[in-house]
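**Student:** Here is a sequence together with a model predicted from it:
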Amino acid sequence: NLPLPEYKTAAAKKPKWVFSHYGYFKNLWDVVILLATIYVAIIVPYNAAFHGAGFDQGTNDTFYCLGSDPNMIKTTKKPSIISDVLVEVIFVIDILLNFRTTFVNQKGEVVSSSKDIAINYLRTWFFLDLVAALPFDLFDLISDLMKSYESIHLLKLIRLLRL
């Protein structure tokens, strides 16, 4: 058997509100992020194909559930808008957590300095995470500005690069 890496056996001294990258909370959070990413991988292309610009949604930007009486179930915009906004909130929280999560440097040492964590994250995944987490659906709820930019939602697929 190979010995465990030092960062898994050494008791890391870390500042308050800095999370261990291999701790229980971070592992649980990674599962949440994985589920949100799978959701994005399925729903974003679906919405782009069936609820994007040019899709016949009826009058007044509404569509009706298939097989239902139009007077019974009437929804504005796309049906997944609430879950889309929730996923965007999860991704924004993930950005904040990544600024407070330890990492292992090239020497194999656990880095727990808030400043070093922030610099490392800004140099690596921050920009892609930021683009993927932009709240396009929230903007869409507030304003009709996004009507002419429906394909911009596909930028959420950048999140798949984290897999």
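**Tutor:** Arrived safely.
**Student:** Which parts of the protein are strands?
**Tutor:** Here the chain has its strands, by DSSP state E, at 62-64, 74-76, 103-104, 110-111.
**Student:** Kindly provide the distance from Leu122 to Ala41.
**Tutor:** 26 Å (Cβ to Cβ, to the nearest Å). Backbone N, C-alpha and C define where each C-beta goes, glycine included.
**Student:** Now for Phe127, how many residues are close by?
**Tutor:** Close neighbours of Phe127, defined as other Cβ atoms under 10 Å, add up to 11.
**Student:** swap that for Val85, please
**Tutor:** Neighbour number of Val85 under other Cβ under 10 Å is 16.
**Student:** can I assume it is in contact with Pro135?
**Tutor:** Yes: using Cβ atoms under 8 Å, Val85 is in contact with Pro135, at 6.9 Å.
**Student:** Return the distance of Phe25 relative to Arg100.
**Tutor:** If you go by Cβ to Cβ, the gap between Phe25 and Arg100 works out to 11 Å.
**Student:** got it, and Phe50?
**Tutor:** 38 Å.
**Student:** Give me the distance between Ile119 and Phe99.
**Tutor:** 10 Å.
**Student:** again, but for Asn120
**Tutor:** 10 Å.
**Student:** Same check on Pro135?
**Tutor:** Pro135 is 18 Å from Phe99, by Cβ to Cβ.
**Student:** one step back: comparing Phe50 and Arg100, which shows the higher neighbour count?
**Tutor:** Taking neighbours as other Cβ under 10 Å, Phe50 and Arg100 compare with Arg100 leading, 17 against 12.
**Student:** Would you confirm that that one contacts Ile117?
**Tutor:** Yes: in terms of Cβ under 8 Å, Arg100 counts as a neighbour of Ile117; the distance is 6.9 Å.
**Student:** Overlap in contacts, those two.
**Tutor:** Residues touching both Arg100 and Ile117 (Cβ atoms under 8 Å, 6 or more residues apart in numbering) are Val18.
**Student:** OK, contacts around the closest residue to Ile33 other than its chain neighbours?
**Tutor:** Nearest residue to Ile33, sequence neighbours excluded (Cβ to Cβ, 6 or more residues apart in numbering): Asp94, at 5.6 Å. Neighbouring residues of Asp94 by Cβ under 8 Å, 6+ apart: Trp29, Ile33, Asp129, Ala133.
**Student:** For Asp94, give me the pLDDT.
**Tutor:** pLDDT recorded at Asp94 is 96.
**Student:** Can you pull out the low-pLDDT segments for this protein?
**Tutor:** For the chain, applying pLDDT under 70 flags the ranges 1-13, 51-78, 137-155, 163.
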